[in-house]
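S.K.: Got a predicted model here, sequence first, then my questions.
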Amino acid sequence: MTKTPLLDTVNFPADIKGFSREQIKQLADEVRTEVIDAVSVTGGHLGAGLGVVELTVAIHAVFDTPDDKLIWDVGHQCYPHKVLTGRRERMRTIRKGGGLSGFTKRAESEYDPFGAAHSSTSISAGMGFATARDLDGRHNHIISVIGDGSITAGMAYEAMNNAGATDSRQIVILNDNDMSIAPPVGAMSHLLSRTVSSGGYQALRGAAKSMVKGAPRPIKSTAKKAEEYTRGMFTGGTWFEELGFFYVGPVDGHDLDALIPVLENVKKMKDGPVLVHVVTQKGKGYAPAENSADKYHGVSKFNVVTGEQSKSVANAPSYTKVFAESLISEARKDDKIVGITAAMPGGTGMKEFGQVFPERMFDVGIAEQHAVTFAAGLAADGYKPFCAIYSTFLQRGYDQVVHDVAIQNLPVRFAMDRAGLVGADGPTHAGAFDISFMGCLPNMVLMAAADENDLARMVATAVARDDGPTAFRYARGEATGAGIEPNPQPLEIGKGRVLREGSSIAIFSYGTRLGEALIAAEKLDQLGLSTTVADARFAKPLDTELLCRLADEHEVVITIEEGSVGGFGAFCLHALADAGRLDAGVKIRTMTLPDTFIDQDSPELMYKQAKLDADSIVEKVFEVIGRNVADMQGLA
């Protein structure tokens with residue numbers, strides 16, 4: 001491991017305060033080394049964190065955290081921040097069970113004032129902190145760091161529009177690492193940035209404002225616009241000025257000699273919101289990450305010397321790949337099929353779709369609300385849009401799902417990736433709630449794939465249905481290895497299937513817990529409890545005929561799903577109550593994700609903790625019948 005003598009003396013940001021500029025540069029180099037080494041062991045987000053090393057060190061050197069509130073947008077760029085804020089010794093536990101979160105987390109450190117894993121929340125949260133500070137009469141600084149990807153979301157503009165209309169003091173740092181709004185132009189750019197943020201410029205600006213203070217409104221307005229547009233011509237910040245922010249930049253985010261003076265000057269400003277435009281490079285300082293920003297955004301364990309990432313041998317294609325290939329196959333037969341994603345083309349399979357049909361794939365940026373209504377407009381004019389969004393991110397577009405799609409009964413197809421538990425990404429990315437929030441909507445057809453062939457058939461089903469919205473969920477990671485039939489046909493809507501017949505216990509599964517249900521059934525059979533396993537396939541419309549048969553012919557019915565309370569199990573209970581089956585003596589129990597947020601861990605341990613594995617199903621059955629599993633094992 002490379003030596004880090006200066007970093008070894010830093011436990012918290014206060015330890016940096018006496019450092020010279022050269023020591024701060026050395027510290028940045030050592031932090032970068034530490035992040036690369038730690039992530040090579042654990043895997044995780046790499047490129048974004050490497051891009052903000054100098055910015056992170058500079059912020060902590062200039063400002064007084066944790067009294068000054070530092071809010072990271074998304075949070076995947078916070079690894080250097082964690083190294084400097086008392087968590088260095090735990091960095092090799094990141095994204096592991098019982099370890100550090102891969103994002104900012106309030107419960108983890110006082111240096112994380114606001115948790116984040118979804119994007120575009122930092123400016124809104126910062127405004128909340130700034131307002132609370134003002135109401136209390138305090139004078140600490142609020143710094144929100146937002147990436148250029150995150151600033152594509154409407155929420156960021158809503159916050160800037162609101163903040164810009166106030167005099168509340170708030171600093172927003174735009175980390176521009178991809179779509180450079182105004183590229184830096186060397187020494188002249190640095191000079192302009194330092195000039196407009198300096199005390200001298202501020203004094204001159206203040207004097208000019210005083211001169212026109214008593215002037216008629218047209219003169220004041222003209223003077224203000226002249227100053228803004230003169231500065232905007234050189235810096236590219238006119239647009240932010242129109243939103244009410246004082247713009248500084250662009251600044252080279254890797255040049256500490258340029259960056260630190262700008263932050264020091266900004267710290268001295270007294271009135272209103274400020275936006276500092278910092279240009280950085282994702283993966284900075286590590287050649288493999290610099291040369292392949294997408295590949296090294298999130299990584300598995302890797303060899304630091306070669307950059308080669310360790311890869312496990314897949315036993316089956318991922319569900320995402322199955323979805324992509326199925327949609328491509330259907331799109332070859334139907335030119336009305338189009339794909340939409342909200343800044344996640346690689347994660348949703350839309351990258352592959354776009355490679356085959358570039359004119360029919362639309363990446364709208366981090367804008368789920370827009371994605372949904374954009375799809376609704378396409379559907380209203382005769383197209384067949386597939387809106388591929390992670391379950392957890394679809395929550396951000398829910399009003400549009402209700403108002404723009406469901407009420408108008410438009411045939412938008414929602415492909416909900418990452419449904420259920422997601423391992424190392426933890427609770428912020430778990431797709432726990434889509435069964436509940438999609439299943440309660442009139443006109444919605446809701447499906448869940450238990451294997452890859454089911455998913456291919458659900459894509460075909462969604463293509464064929466044109467009389468209303470359709471949604472289907474599928475898990476992260478590898479499929480089951482069941483294979484896919486040559487020409488997947490649409491499913492009969494609202495019909496499940498029975499995979500094994502028994503006479504005593506019935507397990508009614510929705511989605512990917514089907515495999516565990518089948519394992520549990522084998523164990524129950526060995527213990528003398530004949531067990532039926534059925535796959536619902538549909539939560540809406542529910543196969544009530546099959547459900548009632550299970551209730552009529554079995555002593556116990558267990559429903560199981562990888563979703564929150566209020567979902568598939570609740571739909572089953574409601575249907576059985578309406579059918580009068582709850583009065584017939586059958587014992588019904590629902591197995592769902594627990595009513596809590598589950599921290600990151602390996603998927604297997606998370607399922608065990610959630611009590612959604614085969615052994616937990618067996619235990620639930622014996623709990624219902626009032627017998628002890630151990631006693632039955634002895635009899636067997």
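M.R.: Here it is on my side, so go on. Numbering: from 1, shown residues only.
S.K.: Looks to me like Asn175 is in a strand.
M.R.: Yes: the assignment for Asn175 is a strand, going by DSSP: H, G, I helix; E, B strand; the rest coil.
S.K.: Report the spatially nearest residue to it, omitting neighbours in sequence.
M.R.: Ranked by C-beta to C-beta, 6 or more residues apart in numbering and with sequence neighbours excluded, the top spatial neighbour of Asn175 is Gly147, at 4.8 Å. Yep, even glycine has a C-beta here, placed from its N, CA and C like the rest.
S.K.: For that neighbour, grab phi and psi.
M.R.: Dihedral pair for Gly147: phi -80, psi 160, per degrees, to the nearest 10.
S.K.: same thing with Asp294?
M.R.: Torsion angles at Asp294 (phi, psi; degrees, to the nearest 10) stand at phi -70, psi -50.
S.K.: Need the pLDDT of it.
M.R.: Here the pLDDT value assigned to Asp294 is 70.
S.K.: Val556 too?
M.R.: 96.
S.K.: Counting neighbours, what do you get for it?
M.R.: Counted with other C-beta atoms under 10 Å, the neighbours of Val556 add up to 22.
S.K.: Correct me if wrong: it contacts Val586.
M.R.: Yes: Val556 lies in contact with Val586 (C-beta atoms under 8 Å); the separation is 7.4 Å.
S.K.: any idea how far the residue most central in space within the chain is from Tyr390?
M.R.: Nearest to the geometric centre of the chain sits His118, at 4.3 Å (C-alpha atoms, centre = their mean). The spacing between His118 and Tyr390, counted by C-beta to C-beta, to the nearest Å, is 10 Å.
S.K.: what does Ala539 give?
M.R.: Applying C-beta to C-beta, the value for Ala539 to Tyr390 is 19 Å.
S.K.: cool, Glu241 as well?
M.R.: In terms of C-beta to C-beta, Glu241 sits 35 Å off from Tyr390.
S.K.: just Leu378 next, same as before
M.R.: Distance from Leu378 to Tyr390, by C-beta to C-beta: 20 Å.
S.K.: sorry, back to before: the closest residue to the residue nearest to the centre of the chain other than its chain neighbours in helix, strand or coil?
M.R.: Nearest non-adjacent residue to His118, counting by C-beta to C-beta, 6+ apart: Thr428, 6.5 Å away. Following three-state DSSP, we place Thr428 in the coil state.
S.K.: and Thr428, what does it touch?
M.R.: Residues near Thr428 by C-beta atoms under 8 Å, 6 or more residues apart in numbering: Phe103, Gly115, Ala117, His118, Thr392.
S.K.: For the last one, which three-state class applies?
M.R.: Using three-state DSSP, the three-state assignment for Thr392 comes out as helix.
S.K.: quick one, what contacts it?
M.R.: By C-beta under 8 Å, 6+ apart, the contact set of Thr392 is His118, Arg418, Thr428, His429, Ala430, Gly431, Ala432.
S.K.: Touching, the fourth one and Leu421? I think so.
M.R.: No: His429 sits out of contact with Leu421 when judged by C-beta under 8 Å, with a separation of 9.4 Å.
S.K.: the more surrounded of the two?
M.R.: Using other C-beta under 10 Å, the more surrounded residue of His429 and Leu421 is Leu421, with 26 against 22.
S.K.: For the residue nearest to that one when sequence neighbours are not counted, give me the pLDDT.
M.R.: Setting aside the residues directly before and after it, Leu421 is nearest to Met606 in space (C-beta to C-beta, 6+ apart), at 4.7 Å. Confidence at Met606, expressed as pLDDT, is 91.
S.K.: I'd like the distance from Met606 to Gly567, if you could.
M.R.: Met606 sits at a distance of 18 Å from Gly567 (criterion: C-beta to C-beta).
S.K.: ok, now Ala449?
M.R.: To Gly567, Ala449 is 16 Å away according to C-beta to C-beta.
S.K.: In which helix or strand does His574 reside?
M.R.: His574 is part of helix 568-578, with elements assigned from DSSP states H and E.
S.K.: For that helix, give the mean pLDDT please.
M.R.: Mean per-residue pLDDT for helix 568-578: 96.
S.K.: Quick check: next helix or strand after that helix?
M.R.: strand 587-591.
S.K.: Run through the neighbouring helices and strands of that following strand.
M.R.: Judged by 3 or more C-beta pairs under 8 Å, 6 or more residues apart in numbering; DSSP states H and E, strand 587-591 is in contact with strand 556-561, helix 568-578, helix 614-625.
S.K.: at 6 Å what do you get?
M.R.: strand 556-561 (3 or more C-beta pairs under 6 Å, 6 or more residues apart in numbering; DSSP states H and E).
S.K.: partners of the strand it packs on, with directions?
M.R.: strand 505-510 (parallel), strand 587-591 (parallel) (DSSP bridges).
S.K.: Could I have the CA atoms of the first one written out in CSV?
M.R.: So that's strand 505-510. C-alpha atoms of strand 505-510 as CSV (Å, rounded to 0.1, in the frame of the first residue of the first chain):
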residue,chain,number,x,y,z
ILE,A,505,-50.2,-25.9,2.1
ALA,A,506,-50.4,-23.4,-0.8
ILE,A,507,-47.7,-20.8,-1.5
PHE,A,508,-48.9,-18.1,-3.8
SER,A,509,-45.8,-16.2,-5.1
TYR,A,510,-45.5,-12.9,-7.0
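S.K.: What is the subsequent helix or strand relative to the longest helix seen in the chain?
M.R.: Counting by DSSP state H, the longest helix found in the chain is helix 21-42. Next helix or strand after helix 21-42 toward the C-terminus (DSSP H and E): strand 44-45.
S.K.: so of the contacts of Thr428, which ones are in helices?
M.R.: Per DSSP H, helices hold the following members of the contacts of Thr428: Thr392.
S.K.: if we can go back for a sec, can you give me the buried ones in the longest helix of the chain?
M.R.: Of the residues in helix 21-42, those buried by neighbour count under the rule 16 or more other C-beta atoms under 10 Å are 24-36, 38-40, 42.
S.K.: cool, and stretch 256-273?
M.R.: Those would be 256, 258-267, 269, 273, for stretch 256-273 by 16+ other C-beta under 10 Å.
S.K.: Could you export the residues you listed as a markdown table, including distance to Glu623, pLDDT and secondary structure?
M.R.: Formatted as a markdown table, the buried residues of stretch 256-273 follow (distance: C-beta to C-beta, whole Å; pLDDT from 0 to 100; DSSP: H, G, I helix; E, B strand; the rest coil):
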| residue | distance to Glu623 | pLDDT | secondary structure |
| --- | --- | --- | --- |
| Leu256 | 61 | 96 | helix |
| Ala258 | 65 | 94 | helix |
| Leu259 | 60 | 96 | helix |
| Ile260 | 62 | 96 | helix |
| Pro261 | 66 | 95 | helix |
| Val262 | 63 | 95 | helix |
| Leu263 | 59 | 96 | helix |
| Glu264 | 64 | 95 | helix |
| Asn265 | 66 | 94 | helix |
| Val266 | 61 | 95 | helix |
| Lys267 | 60 | 95 | helix |
| Met269 | 63 | 89 | coil |
| Pro273 | 57 | 95 | strand |
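S.K.: Could you point out which of these is nearest to Ile507?
M.R.: The shortest approach to Ile507 among the buried residues of stretch 256-273 belongs to Pro273, at 56.2 Å (C-beta to C-beta).
S.K.: ok, so what distance separates that closest one from Arg169?
M.R.: According to C-beta to C-beta, Pro273 stands 7 Å off from Arg169.
S.K.: contact partners of the helix holding His574?
M.R.: Taking contacts as C-beta atoms under 6 Å, 6 or more residues apart in numbering, the residues outside helix 568-578 that touch it are Ile435, Tyr510, Ala539, Leu542, Thr544, Leu547, Ala551, Thr559, Glu561, Leu582, Thr590, Thr592.
S.K.: Could you identify the buried members of those residues?
M.R.: Among the contacts of helix 568-578, those buried by neighbour count (16+ other C-beta under 10 Å) are Ile435, Tyr510, Ala539, Leu542, Thr544, Leu547, Ala551, Thr559, Glu561, Thr590, Thr592.
S.K.: In a markdown table, list these along with pLDDT and distance to Ala462.
M.R.: Listed next are these as a markdown table, based on pLDDT from 0 to 100; distance: C-beta to C-beta, whole Å:
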| residue | pLDDT | distance to Ala462 |
| --- | --- | --- |
| Ile435 | 97 | 17 |
| Tyr510 | 98 | 17 |
| Ala539 | 98 | 15 |
| Leu542 | 98 | 18 |
| Thr544 | 97 | 22 |
| Leu547 | 97 | 23 |
| Ala551 | 96 | 30 |
| Thr559 | 98 | 24 |
| Glu561 | 97 | 20 |
| Thr590 | 97 | 27 |
| Thr592 | 96 | 25 |
